[in-house]
Structures are given as C-alpha cells and as structure tokens.
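Provided below are the primary sequence and the corresponding predicted coordinates.
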Amino acid sequence: MALVQSFGAAEVVTGSCHLLQLDSGLNIMVDCGMFQGEVEYKNFQPFGFNPKDVDVLLITHAHLDHVGRIPELVKKGFNGRIITLRSTLDLAEVVLLDSAHLMEDDFHTHFKKAQRRGSEKRVRRPLYNVEDVYKVYSLPLVYAQYAEEVPIDTGVSATFHNAGHILDSAIITIRYHDKGNEKTVVFSGDLGNHNDMVMPIPDHVRHANTLYIESTYGDRKHQGIKESEAKFKTIIQETLSRQGNVIIPSFAIERTQEILCILKQLYDNHELPTCKIFLDSPMAIRATRLYDNYHQELSQCCNDYLKRDGSIFEFPNVHYTVTQDESRRINNEHSCIIIAGSGMCTGGRILHHFKNHIWNANNSVIFVGYQANGTLGRQLVEGAEWITLYHEKIKVGAKIHAISGFSAHADQGELMQWIRGFETLENIFLVHGEKKAQQVFKTLIAEQTTHKVHIVKEEEKIWI
C-alpha cells in the first residue's frame, strides 16, 4: 500500500505539503507551501521528513502557500525533479523572489533595531534569499501540459487538469501500481470559483480511488456574482461621491486581475465615476503581465478583451506604480481607487495606505478574498475598531466591506458539485481548511454521498 502524510494544510488552510510514498520506494511530494497567519511560526520548524528523500516535486499552482518553502526544501537537500506547468514556474519565480526580498528587508529592519539594544544575535535570519530562489530553477524541470500524462517512473504517472483557481492552477492525478493493481490518487489543489471572470470552470476528474480535496469554503456559499458586482459598484460610487478613496487589499495573483476586469467592465458600461485607479504592487504588475502572456489559459472574456484592446487588463486612468516614490505620491490623491498587496494585510504597501487612510470616515476598504486566522485582514473583517501599524495605534474610521463572491476558491456548493462529477471514487480526505469548515463539509459529504470521508491531521499516516 502507498502512504500519504500531510506536513501542512492539515486542519489549517495554508502550508500545502503532501508526501506520497510508494511501495517501490519512490517519494512524490505535492506542493511545498508557506504557512500564513497564526501558524506562520511553522515555517521555521523542521519539515518533518528528510528533503533528500524526496524524488519528485509536483506543484499544483504558484500561490505562496503552495510554493513558498520550495527554496528551503532545496537548501535542506532536495535535488530531484520538479514537474509542473511552465506558467506555474514563471509565476512561482515572481512569488518566490518577492517573498525572498520581503524576508530580507524584514530581517535587516529588525537587525538594525536589535543592534541598538545589543540583541542582534536573537534576530531570526530569513528562510531563504534571492540566490536560494534561483537554485530552485537549476534543478531538473519537467513541463506538463493540461490533460497530458507525464511519466514519473515505471508504472507511475501524473496528469495535470485545469483547476480554474489562478493562472496555471492544476488538479493533479497520480496513477501508480499496488500489487499489480492500478490505483489513482487525486490532489485537487485549490479549486476555482465558477463565477470567476478571468479563469475557466475547473475540469472534472471522473475516476479515483482516493481524493485529497481542499475545504477552504466547505462551510459556506459565496454571495452571488451579480449581487457581489452590484455591491462592489455601489461601494465605489458612494465612496467616490463623498470624495473618499477606495482601498482594496488584493492578492497579487488572480484577485487583482479579476478586480481589474470588473473595473474595466464598469468603465465600458459607463458605471465607473471618472477617477484614477492605482495598481500599487510590483508583484501584481509582474503577475498581470504574465496573465497577458499566457492568455490561452484564461477565460473567453479575457481573450475577447485582448482581441479588442490589445490588452486584457488595461484601460484609461489605470496607473501601475512600481517604485516606492510613485507609491508615496498616492497619499496626495483624493477620490481614487487603490489596489495594493498583501491580500491578507500581513505586509506590503497596503499597510502604508491603511496608515494614511483607514482613520478617515470618507474612505472605504473592500476585502475581496479569504482572510486567514491571525491576520490583520481577519481582524478588520471581524470588526476591529483599532489597529496597530508601525507601533502606532490607529482608529478604524473607514467603512469596512467584505465581498465573498470574488473568491478564487470554490464554495461549498461548487465543491460538492465537483465531487459528484466522479463516476468512481472510494475515499475522500479533507485538507486546506479550518477545523470548523472541515467538520461542516465532512458532515455534508457523509449525508449526500456514500463516500468515506476523513479530516486529515498533520503528519497523520494514511495508507491508500
């Protein structure tokens, strides 16, 4: 029998890391992501396995919580093959370089402060640096194509299917032999929202013995897309009418691109008041250009924009602000829209915009994505009246809005619909979710299907 252990994304959403060990001795890892929010401390703990023993790394997509620890994996001895889509590796380079720069900047800031206290030896060094990121790309890289089987070893193969979550996202099917019988295990990765303007609907997989499925929104359904877009439009119009600024904390990958498409649609329909729109995130700007480059993976809507305008995401009054000086000049703007990272408000330029704008009752903050436990974004969504930024206590005067309909994740109904698409399936294992959401989702699956379902615990040994 094969053994699967999850060393991340077990009863939490982030830190995706699943190790499949076959009887033949072949060790296949699916993702190696970074922990975020209240479990961020786990990034500095040992992996729980020997990276030198991993033969192959498969990557579902390039979000930080799925790729963020790969440079650390290589530092600790992994030197096997990496198999994924070419667009995944291109996007992962953007994500990992940004992560390395942020960690290095954070280290130098804390180190200087510690030197003044004489405690610099206590400052924890970054997990990895830019040089470590480039070492990942010196390993043997195998590029997959959607729906094409990739040989891994004798009798072992992987097939990538479009997950519709972000550019390059994949559901991975692994076929292997166990005592002469062919078996199939599917890792869903993150499944996309069916109402996403940018990405297509996730592909269906029809047959599996074992399914590892995400459960981020296993306990709820999203707002309808029309309702979400109407709410988004109303907030913008009302805020700009009182000469306030609209602040949108946004994930650099997928969410930013969808928000730009929605704003472009409002502009086309003459429903967007005349205003400047700032995309204030170098990482999001680079990601947006990659989305243009790999437009064939996107929705028909995006390709229609590209054919009409020569660009999917650009339209009048959109400004890309790359440098810090350009970012600082936004502080002097009024009646504008600011899209900045990070999406969960754990760092990045969004914090500077909060410092300058969140106290003002004329302004609005729109959350358009998932906010993990322990993040500033979660605090604000749950009604925090005060926040602390740069050692300064600041009153939350701006109006705080959360719109779940723009999520890049499938909701409970879409997850169930995807599960029902299987013609043969034996066991379901829930990962990538908070405990409450997973328990609700487990109960629903048990009530509506005949499949065995189990919530995976960290490092739990599961024989399949």
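Good, I have the coordinates. Numbers count the residues shown, from 1 in each chain.

confidence score at the residue nearest to the spatial centre of the chain?
The chain has His63 as the residue nearest its centroid, 4.0 Å off, counting by Cα atoms, centre = their mean. As predicted, His63 sits at a pLDDT of 95.

Tell me the spacing between it and Leu91.
9 Å (Cβ to Cβ, to the nearest Å). Placement of C-beta: from N, CA and C, glycine included.

returning to that earlier point: contacting residues around the residue nearest to the centre of the chain?
Gly33, Val95, Ile166, Asp190, Phe251, Ile253 (Cβ atoms under 8 Å, 6 or more residues apart in numbering).

could you flag which of those residues are buried?
Among the contacts of His63, those buried by neighbour count (16 or more other Cβ atoms under 10 Å) are Gly33, Val95, Ile166, Asp190, Phe251, Ile253.

Contact partners for the first one?
Contact partners of Gly33, counting by Cβ under 8 Å, 6+ apart, are 8-9, 14-17, 63-69.

can you pull up the bridge partners for Gly8?
Going by DSSP bridges, Gly8 is paired in beta bridges with Cys17.

which residues sit in contact with Asn303?
His295, Gln296, Ile312.

Now neighbour count too, for those residues, in CSV please.
Conversion of those to CSV gives the following (neighbours: other Cβ atoms under 10 Å):
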residue, neighbour count
His295, 17
Gln296, 8
Ile312, 24
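
Let me know the closest of the residues you listed to Gln448.
Gln296 (35.9 Å; Cβ to Cβ).

any low-confidence regions in the stretch 1-150 of the chain?
Across the stretch 1-150 of the chain, nothing is flagged by pLDDT under 70.

Tell me which stretches of it form strands.
Assigned by DSSP state E, counting those that start in this stretch, the stretch 1-150 of the chain shows strands spanning 3-8, 17-21, 27-30, 56-58, 81-85, 141-144, 149-153.

and the very next helix or strand once past the last one, what other elements does it pack with?
Proceeding N to C from strand 149-153, the next assigned helix or strand is strand 156-162, under DSSP states H and E. Using 3 or more Cβ pairs under 8 Å, 6 or more residues apart in numbering; DSSP states H and E, the elements in contact with strand 156-162 are strand 81-85, strand 149-153, strand 170-178.

Can I get those in TSV including distance to Glu459 and mean neighbour count?
Converted to TSV, the helices and strands packed on strand 156-162 look like this (distance: least, Cβ to Cβ, whole Å; neighbours: other Cβ atoms under 10 Å):
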stretch	distance to Glu459	mean neighbour count
strand 81-85	23	22
strand 149-153	24	15
strand 170-178	20	22
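
Any idea which of those strands gets closest to Leu290?
Short answer: strand 81-85, nearest of the helices and strands packed on strand 156-162 by Cβ to Cβ, at 11.9 Å.

relative to strand 149-153, how tilted is the closest one?
Note on geometry: by axes from the mean of the first three to the mean of the last three Cα atoms, to 10 degrees, strand 81-85 and strand 149-153 are set 170 degrees apart in direction.

Each with direction, which strands does strand 81-85 pair with?
Sheet pairing for strand 81-85, using DSSP bridges, gives strand 56-58 (parallel), strand 141-144 (parallel).

Let me know the closest of the contacts of His63 to Ile445.
Of the contacts of His63, the one sitting nearest to Ile445 (Cβ to Cβ) turns out to be Asp190, at 18.0 Å.

what's the helix or strand for the nearest residue to that closest one once chain neighbours are set aside?
Of all residues not flanking Asp190 in the chain, His165 sits nearest, at 4.4 Å (Cβ to Cβ, 6 or more residues apart in numbering). Per DSSP H and E: His165 is located in neither a helix nor a strand.

Quick check: His165 touching Met199?
Yes. Using Cβ atoms under 8 Å, His165 is in contact with Met199, at 6.7 Å.

Counting neighbours, go ahead and name the busier of these two.
His165 (28 against 25; other Cβ atoms under 10 Å).

what about stretch 378-389, how long is it end to end?
15 Å (Cα to Cα, to the nearest Å).

hmm, who's touching it?
Outside stretch 378-389, the residues touching it (Cβ under 8 Å, 6+ apart) are 37, 344-345, 351, 354-355, 358, 365, 367, 371-372, 376, 393-396, 400, 402.

now with 7 Å?
Residues outside stretch 378-389 that contact it (Cβ atoms under 7 Å, 6 or more residues apart in numbering) are 351, 354-355, 365, 367, 371-372, 376, 393-396, 400, 402.

which of those residues has the most neighbours?
Val365 leads those on contacts (other Cβ under 10 Å) with 27 neighbours.

What about that one? Give its phi and psi, please.
Per-residue torsions, Val365: phi -120, psi 130 (degrees, to the nearest 10).

what bridges to the nearest residue to it once chain neighbours are set aside?
In this structure, Val365 finds its nearest non-sequential neighbour in Ile247, 4.8 Å apart by Cβ to Cβ, 6+ apart. On the basis of DSSP bridges, Ile247 takes part in beta bridges with Ile338, Val365.
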